[in-house]
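S.K.: Let's see this in three dimensions:
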Amino acid sequence: MDWNLPVVLLGLLFGIQHATDPDHVLAVATIVSRTRRFGAGALIGVFWGLGHSATVTAVGLAIIGLNLTITPVMGLSMELAVALMLMALGAARIAWVFRGSDPVPAAHLTEPHPHEVAAGFHCHPHAHAGSVHRHPHVHPPRGLMLALQTVGPAQAFRSLCVGLVHGLAGSAAVALLVLTTIRSAWGAVGYLLLFGVGTMAGMTAITALLSLPFATRIPLLQRWRRGFALGTGALSLAFGLYLAFDIGFAQGLFLGHPIWAPR
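M.R.: Residues are numbered from 1 along each chain as shown. Next up, the predicted model:
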């Protein structure tokens, strides 16, 4: 056996540390702020970790096994994709905040209340200008509305895609690290797999903690929900803009003379 087991095991620790990168945390924070349950928040980290591990392992093994070369333009373009993704996630979250509350409060949809004519159909009488009239409308089933408060396919898919993009951008740096420290093919595979486990574990812990303000019943923390969403959205948008400017101009991607250092 020509590879060092302690070095391979370091992949687990480096994976946990890698999950704490600012662009990773900001991206998942914009998704976690949509949840209302602790378990749902943790699952977002799991799906992100699956996506991240898939691309890091696949691209990393291709670079190592096939001796592929990532050019500066390719490397910077993958990092630019992360910047654009952060900007999109941040802008979407800010738009949600300023769009305001839904016309019908969530409690009105999920709490039992009397209906007229048929299940799911009712009217709300009100008066103005001396006239009393009703506005009939249909509500979705209460069970469906409650189910939508957990992690649905859309949130799971969003987390997975964010992880895939992050993993694609970081795969070259991880592969180069493996090439310079581990000479065995099996050792490289073990390192990449443990690195993936570490990133998944680290991000699951992070998203679980981030979900606490939304899962708790404490009124003060519940009032912070919209402020937290605005903060994560603004930070994600600002950091994405900074990364795009740095990649495009400081590192020369937009200027035709790219300078790329995998990180």
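S.K.: quick one: His24 and Phe249, what's the gap?
M.R.: The gap separating His24 from Phe249 is 24 Å, by C-beta to C-beta, to the nearest Å. (Each C-beta comes from the backbone N, C-alpha and C, glycine too.)
S.K.: Quick check on these two: which one has the bigger neighbour count.
M.R.: The neighbour comparison of His24 against Phe249 (other C-beta atoms under 10 Å) goes to His24, with 23 against 11.
S.K.: isn't the more buried one right up against His166?
M.R.: Yes. His24 is within contact range of His166, at 5.9 Å (criterion: C-beta atoms under 8 Å).
S.K.: Could you tell me which residues touch both of the two?
M.R.: Trp48 (C-beta atoms under 8 Å, 6 or more residues apart in numbering).
S.K.: low pLDDT regions in the stretch 151-263 of the chain?
M.R.: 151-152, 217-223 (pLDDT under 70).
S.K.: Likewise for the stretch 1-150 of the chain?
M.R.: The stretch 1-150 of the chain contains residues with pLDDT under 70 at 1-4, 100-150.
S.K.: mind listing the strands for it?
M.R.: With DSSP state E, counting those that start in this stretch, the ranges of strands along the stretch 1-150 of the chain come out as 121-128, 131-138.
S.K.: start to end distance for stretch 252-263?
M.R.: 16 Å (C-alpha to C-alpha, to the nearest Å).
S.K.: can you list the residues that contact that stretch?
M.R.: 70, 72-73, 75-77, 80, 172-173, 176, 247-249, 251.
S.K.: ok now that stretch, how far from the chain's centre?
M.R.: Offset of stretch 252-263 from its chain centre (C-alpha atoms, centre = their mean, to the nearest Å): 26 Å.
S.K.: next one: stretch 177-195
M.R.: Put simply, stretch 177-195 sits 27 Å off its chain's centre (C-alpha atoms, centre = their mean).
S.K.: one step back: mark which of the contacts of stretch 252-263 are part of helices, please.
M.R.: 72-73, 75-77, 80, 172-173, 176 (DSSP state H).
S.K.: Same list, these, but as TSV with neighbour count and distance to Arg36 please.
M.R.: Formatted as TSV, the ones in helices among the contacts of stretch 252-263 follow (neighbours: other C-beta atoms under 10 Å; distance: C-beta to C-beta, whole Å):
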residue	neighbour count	distance to Arg36
Pro72	16	44
Val73	13	43
Gly75	22	39
Leu76	22	38
Ser77	17	37
Leu80	20	33
Ala172	23	37
Ala173	18	36
Leu176	16	41
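S.K.: Quickly check those for the two that are furthest apart.
M.R.: Spatial extent of the ones in helices among the contacts of stretch 252-263 (C-beta to C-beta) is set by the pair Leu80 and Leu176 at 19.1 Å.
S.K.: so which strand or helix has Ala261?
M.R.: Using DSSP states H and E, Ala261 sits within no helix or strand.
S.K.: Can you pull the phi/psi pair for it?
M.R.: Taking degrees, to the nearest 10, you get phi -120, psi 110 for the backbone angles of Ala261.
S.K.: Would you mind listing the outside residues contacting stretch 33-43?
M.R.: Here stretch 33-43 has contacts from 32, 44, 93, 149-151, 155-156, 204, 207-208, 210-212, 214-215, 225, 228-229, 232, using C-beta under 8 Å, 6+ apart.
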